[in-house]
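*Asks:* no sequence for this one, just the structure:
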């Protein structure tokens, strides 16, 4: 019987350009997946503002190639947290 040996995934080096296979992971926020344009319409913000929120970690996003994808539920939850904080500040002053 001929057995084929397989290599374990390792970190790619400069010489090794082979893709690494990753395990499939269940999405944390199942539901509707949105593009950047749909998030802009939902939040009534510009693309630049949404990208800024993503860069600062205020909106969770997935990067698929060069494009961002967002779970609707995650975006609404994130914006709800920041909205509640701003309302608390108004009450305190």
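*Replies:* It's in. Just so it is clear, the structure is predicted and the values come from calculations on it, not from any experiment.
*Asks:* tell me the pLDDT of the residue lying closest to residue 53 once chain neighbours are set aside.
*Replies:* Leaving aside its sequence neighbours, residue 53 sits nearest to residue 59 (Cβ to Cβ, 6 or more residues apart in numbering; 4.5 Å). (Each C-beta comes from the backbone N, C-alpha and C, glycine too.) Looking at residue 59, its pLDDT is 91.
*Asks:* please begin residue numbering at 9 from this point
*Replies:* Sure thing, new numbering starts at 9, so read that last one as residue 67.
*Asks:* ok, now which ones touch residue 67?
*Replies:* Residues in contact with residue 67 (Cβ atoms under 8 Å, 6 or more residues apart in numbering) are 47, 58, 61, 78, 82, 83, 86, 87.
*Asks:* same check on residue 46?
*Replies:* Residues in contact with residue 46 (Cβ under 8 Å, 6+ apart) are residue 78.
*Asks:* helices and strands around the lengthiest strand in the chain, which ones?
*Replies:* Assignment by DSSP state E gives strand 75-79 as the longest strand of the chain. Contact analysis of strand 75-79 by 3 or more Cβ pairs under 8 Å, 6 or more residues apart in numbering; DSSP states H and E lists strand 41-42, helix 44-51, strand 70-72 as its packing neighbours.
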